[in-house]
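Q: Provide a 3D model corresponding to the input given below.
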Amino acid sequence: MARPGTVLARATSSSVGDRAGCELHVQGPSPSSPSRGGFTLIELIAVVAMFALVAALVLPTFDVGRRREVRQAGERVGDAVELARQRAIMTGRTHRVLLDLDGSRYAVEWQAPVDPEALAAEQPPAAAGSRRVAMEPPPEVFGPAEFVPVPGPFGRPAPLGDDVVFFDVVFPDTIVNTGVVELRLGPDGATDPALVTIADVDDRWRVEVEVQALADAVRVADVPR
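A: Alright, predicted model coming up:
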């Protein structure tokens, strides 16, 4: 009599014979079979670390270059305003700085003196034998004139840069962020105060060009972000 919990495994000769030739085969992985492709955890960590290192080296350099480009654009606009003011005082003629806010360009123009000979040539000649006296006043050499580009590179529209734009222009009574803005400087160099903000296309860096009413110098300062 078997004790509880004991399994008796006894096979008779006939049962053994019936099971002859029946074998249980458990097939495991063959040593020569190829392994599955993929990355190990260590390899993935190494790749991520490599990308992080490249980003840490490249991104600061990119930001420094973009910030320098914005700063230099602001300084060039400031130089254009100072040139227009100096020329206005020296020539006694009104100058203006045009800021194309949509096209991110700027240029300097002035009211050039009117050529009296050219104006006289435009007057119709009097008929032969006519005693009519021309009552029109003589042309004013220093009178009103149309604005024309100043000589030199400042007279040509200059771009701010590939990734630099005008953000806005703040006047005492209004703020403009589209269209063409005129900074007009009279013969004495006076102008309406304005604050021109220049930024990169992603608006990560900004500079302000402060145009004062009477001061000769134009202040260019970085805007804390």
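
Q: low pLDDT regions in the chain?
A: The model of the chain has pLDDT under 70 over residues 1-38, 54-63, 115-144.

Q: repeat the analysis, applying 90 as the threshold.
A: Low-confidence segments of the chain (pLDDT under 90): 1-66, 112-146, 162, 214-217, 224-225.

Q: let me see the ranges of the helices in it.
A: With helices called from DSSP state H, the chain shows them at 13-18, 41-91, 116-122.

Q: list the helices and strands the second one packs on?
A: Here helix 41-91 touches strand 95-100, strand 105-111, strand 164-170, strand 180-185, strand 194-200, strand 206-211, strand 219-222, going by 3 or more CB pairs under 8 Å, 6 or more residues apart in numbering; DSSP states H and E. (Each C-beta comes from the backbone N, C-alpha and C, glycine too.)

Q: would you reformat those as JSON lines and include mean neighbour count and distance to R87?
A: Conversion of the helices and strands packed on helix 41-91 to JSON lines gives the following (neighbours: other CB atoms under 10 Å; distance: least, CB to CB, whole Å):
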{"stretch": "strand 95-100", "mean neighbour count": "22", "distance to R87": "6"}
{"stretch": "strand 105-111", "mean neighbour count": "21", "distance to R87": "6"}
{"stretch": "strand 164-170", "mean neighbour count": "19", "distance to R87": "21"}
{"stretch": "strand 180-185", "mean neighbour count": "19", "distance to R87": "9"}
{"stretch": "strand 194-200", "mean neighbour count": "22", "distance to R87": "18"}
{"stretch": "strand 206-211", "mean neighbour count": "21", "distance to R87": "15"}
{"stretch": "strand 219-222", "mean neighbour count": "14", "distance to R87": "20"}
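
Q: count the residues that sit near A190.
A: Per other CB atoms under 10 Å, the neighbour tally for A190 reads 14.

Q: quick one: contacts for it?
A: 213-214 (CB atoms under 8 Å, 6 or more residues apart in numbering).

Q: repeat that for 10 Å
A: Shown in contact with A190 (CB atoms under 10 Å, 6 or more residues apart in numbering): 85, 88-89, 184, 212-214.

Q: among the residues you listed, which one has the most neighbours?
A: Counting by other CB under 10 Å, top hit in the contacts of A190: R85 with 25 neighbours.

Q: separation between that one and D100?
A: 20 Å (CB to CB, to the nearest Å).

Q: what of I42?
A: 56 Å.

Q: ok, F147 next?
A: F147 is 15 Å from D100, by CB to CB.

Q: again, but for G74
A: Separation of G74 from D100 (CB to CB) stands at 16 Å.

Q: F171 too?
A: Taken as CB to CB, the span from F171 to D100 is 17 Å.

Q: picking that back up, closest to P153 among the contacts of A190?
A: R85 (17.3 Å; CB to CB).

Q: contact partners for the closest residue to that closest one other than its chain neighbours?
A: Sequence neighbours aside, G189 is the residue nearest to R85 in space, at 4.6 Å (criterion: CB to CB, 6 or more residues apart in numbering). Neighbouring residues of G189 by CB under 10 Å, 6+ apart: 82, 84-90, 95, 213-216.

Q: now, the most widely separated pair of these?
A: Using CB to CB, those span at most 19.0 Å, a distance reached by M90 and A213.

Q: what sits against the nearest residue to R184 once chain neighbours are set aside?
A: Nearest residue to R184, sequence neighbours excluded (CB to CB, 6+ apart): R96, at 4.5 Å. Neighbouring residues of R96 by CB under 10 Å, 6+ apart: 84, 88, 107-111, 147, 150, 181-186, 191.
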